[in-house]
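> here is a sequence together with a model predicted from it:
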Amino acid sequence: MQKQSEVLNQTVGVVDDRLAIERIELRTVRLPLNEPFETSFGRIDSRLIVLLSVQGGGETGWGEVVAAEEPLYSYETVGTASHVIRDYLAPALLSEPIRDLADLAQRLAPFRGHNMAKAGLELAYMDLLARLQRQSLSQLIGATRDRVPVGVSLGIQPTLDQLLQRVDRYLGLGYQRIKLKIKPGWDVGVVREVRRRHPSLLLSVDANCAYTLADEDHLKKLEEFDLLMIEQPLEHDDLIDHAQLQSRLQTRICLDESVTSIGRAKQALQLGSCRIINIKIGRVGGYSQALQIHDLCYSKGIPVWCGGMLESGIGRAHNIALASLPGFTLPGDISASSRYFARDLIVPEVTVSSDGTVASPRGPGLGFDVDLDYITARTETVTRLEPH
Ligand code: SMG
Ligand code: MG
């Protein structure tokens, strides 16, 4: 089988196989959420989305930076990503034509961290590359699925009744898996109630680092509910304690925050820190790392699934392309546009069919049209970056 990460060295076929980037635009776009989203670390009502567009060869590619306004999910923010892209990452891409994804990744590698900022640029570059090659992003990365299975992530609600209503609503819409956000005080009792009403539901929980090893006995109370997984129960950068916890739990641990690169994924599997990995392109720094993590897990039979960061349709379209790879065997956190926003930034919007799948588009690049009028209407700031 061709390894998906071999796309890293695929060349573009324009101007001596190298692509000159003529302009990068960085903008912030405010989108209100239809409903607030609450996790163990906080609650948000709207998203300030960083969009990147990259122009070259007569086409434009689009990417999204998934950092939030506050450094709560990770240390990156809209502010740090904008700074790092403007002052370091974009100049490294504009300085000289780019050969391929590996070349791009290599130019960004000297700058430590800031994975979400790097990923935004990789996303835009890959959309551009696919458009120039007149193929879909999923084809470009070697993906084969026509439709991807999806689930929904339900935030912490003011009352159990409200949560139960939402579970019913999303199951009615066809979603294949429900993930409950949990934290101390909103965990065992809530999961028990959902499980009691839905005995055969594919159910998982995500703690976003809200527990420590001292909570082992408490977390063990979740074992009786036949969960698909417990996502990131412990510290955001931990692998060791997770390995210890996993060795004492039957339920599979899935790592999210702790897996920030192919190196960390290898360590996590070696240590036994998890048995499932949530791949988020933003968290791992872009396609170059995401494809390698996919290939590693696929070769070892470790299931992966595509995480979400409340992206606009632009980031979501990238997630759909990624989730079309063969190793993504579990439903992703990829919901319909209408679950997040009154109006999305792409046309048509993302829809979930009654069998709980989303179509992987076959049109060039993202496979969706970018709604420039609406983006312009919601834009708060724009920065144009060009070669010197
Ligand atoms: O995009 O539907 C989505 C959200 C999925 O729960 C989700 N993401 O830790 O997996 C996670 C969270 C992080 C986002 S919190 C703002
Ligand atoms: Mg998570």
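Great, that's in hand. Residues are numbered from 1 along each chain as shown. Ligands and ions are numbered 1, 2, ... in the order given.
> spell out which residues of this structure are next to ligand 1.
Those residues of the chain that sit near ligand 1, judged by C-beta under 6 Å from any ligand atom, are 37, 39, 68, 73, 153, 206, 208, 256, 307-310, 333, 335. Glycine gets a C-beta too; all of them are placed from N, C-alpha and C.
> compile those into a markdown table and extend it with columns for distance to Arg147 and secondary structure.
Listed next are the residues of the chain next to ligand 1 as a markdown table, based on distance: C-beta to C-beta, whole Å; DSSP: H, G, I helix; E, B strand; the rest coil:
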| residue | distance to Arg147 | secondary structure |
| --- | --- | --- |
| Phe37 | 26 | strand |
| Thr39 | 28 | strand |
| Ala68 | 30 | strand |
| Tyr73 | 29 | coil |
| Ser153 | 20 | strand |
| Asp206 | 24 | strand |
| Asn208 | 29 | coil |
| Asp256 | 24 | coil |
| Gly307 | 19 | coil |
| Gly308 | 17 | coil |
| Met309 | 22 | coil |
| Leu310 | 22 | coil |
| Asp333 | 16 | coil |
| Ser335 | 15 | coil |
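> within reach of ligand 2, which of those residues are there?
Near ligand 2, taking C-beta under 5 Å from the ion as the test, the members of the residues of the chain next to ligand 1 found are 206, 256.
> which one of the residues of the chain next to ligand 1 is nearest to ligand 1?
Nearest to ligand 1 among the residues of the chain next to ligand 1: Gly308, at 2.4 Å, using C-beta to the nearest ligand atom.
> excluding its backbone neighbours, what's nearest Arg197?
Nearest residue to Arg197, sequence neighbours excluded (C-beta to C-beta, 6 or more residues apart in numbering): Leu164, at 6.8 Å.
> can you pull the buried residues of the strand or helix carrying the one you found?
Assigned by DSSP states H and E, Leu164 falls within helix 160-172. If you call a residue buried by 16 or more other C-beta atoms under 10 Å, then helix 160-172 has these buried ones: 163-164, 166-167, 170-171.
> and for stretch 40-58?
Across stretch 40-58, burial judged by 16+ other C-beta under 10 Å covers 40, 44, 47-57.
> wondering if that stretch reaches ligand 2 at all.
No. Stretch 40-58 does not reach ligand 2 (C-beta under 5 Å from the ion); its nearest approach is 10.0 Å.
> show me where the stretch 1-150 of the chain has its helices.
Applying DSSP state H, counting those that start in this stretch to the stretch 1-150 of the chain gives helices spanning 78-84, 90-94, 101-108, 115-132, 137-140.
> figure out which of those helices is closest to Ile279.
Shortest distance between Ile279 and the helices of the stretch 1-150 of the chain, using C-beta to C-beta, is found for helix 115-132: 11.5 Å.
> tell me the angle of the closest one relative to helix 101-108?
Counting by axes from the mean of the first three to the mean of the last three C-alpha atoms, to 10 degrees, helix 115-132 lies at 150 degrees to helix 101-108.
> ok, Asp100 to ligand 1 distance?
Counting by C-beta to the nearest ligand atom, to the nearest Å, the separation of Asp100 from ligand 1 is 29 Å.
> make that Ser200, sorry
For Ser200 relative to ligand 1 (C-beta to the nearest ligand atom), the value is 23 Å.
> for that residue, helix, strand, or coil?
What DSSP: H, G, I helix; E, B strand; the rest coil gives for Ser200 is coil.
> just the pLDDT at it, thanks.
The model reports Ser200 with a pLDDT of 97.
> and if you look at Val15?
Val15 carries a pLDDT value of 46.
> in CSV, list the helices of the stretch 1-150 of the chain along with mean neighbour count.
As requested, those are exported to CSV (neighbours: other C-beta atoms under 10 Å):
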stretch, mean neighbour count
helix 78-84, 19
helix 90-94, 20
helix 101-108, 20
helix 115-132, 27
helix 137-140, 24
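> can you lay out those helices as CSV showing mean pLDDT and distance to ligand 2?
Formatted as CSV, the helices of the stretch 1-150 of the chain follow (pLDDT from 0 to 100; distance: least, C-beta to the ion, whole Å):
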stretch, mean pLDDT, distance to ligand 2
helix 78-84, 98, 19
helix 90-94, 97, 29
helix 101-108, 97, 24
helix 115-132, 98, 14
helix 137-140, 97, 23
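> now the ones you listed as a markdown table including distance to Gln250?
Converted to a markdown table, the helices of the stretch 1-150 of the chain look like this (distance: least, C-beta to C-beta, whole Å):
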| stretch | distance to Gln250 |
| --- | --- |
| helix 78-84 | 39 |
| helix 90-94 | 47 |
| helix 101-108 | 38 |
| helix 115-132 | 32 |
| helix 137-140 | 35 |
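> may I have the very next helix or strand once past the helix holding Leu164 as PDB, with CA atoms only?
Downstream of helix 160-172, the next assigned helix or strand under DSSP H and E is strand 178-181. C-alpha atoms of strand 178-181 as PDB (Å, rounded to 0.1, in the frame of the first residue of the first chain):
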ATOM      1  CA  ILE A 178     -22.300  10.800  21.100                       C
ATOM      2  CA  LYS A 179     -19.400  12.200  23.100                       C
ATOM      3  CA  LEU A 180     -20.100  13.900  26.400                       C
ATOM      4  CA  LYS A 181     -17.800  16.500  27.800                       C
END
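> right, and the helix or strand after strand 178-181?
helix 188-197.
> next, the buried residues of that next one.
Buried residues in helix 188-197, counted by 16+ other C-beta under 10 Å: 188, 190-191, 194-195.
> what does this structure have sitting close to ligand 2?
Counting by C-beta under 5 Å from the ion, the chain sits next to ligand 2 at 206, 231, 256.
> looks like Thr357 contacts Val148 (just checking).
Yes. Assessed by C-beta atoms under 8 Å, Thr357 is found in contact with Val148 at 6.2 Å.
> compare the two (neighbour count), which wins?
The neighbour comparison of Thr357 against Val148 (other C-beta atoms under 10 Å) goes to Val148, with 25 against 19.
> from memory that one sits against Gly332, does it?
Yes. The pair Val148 / Gly332 is scored as a contact, 6.4 Å apart, by C-beta under 8 Å.
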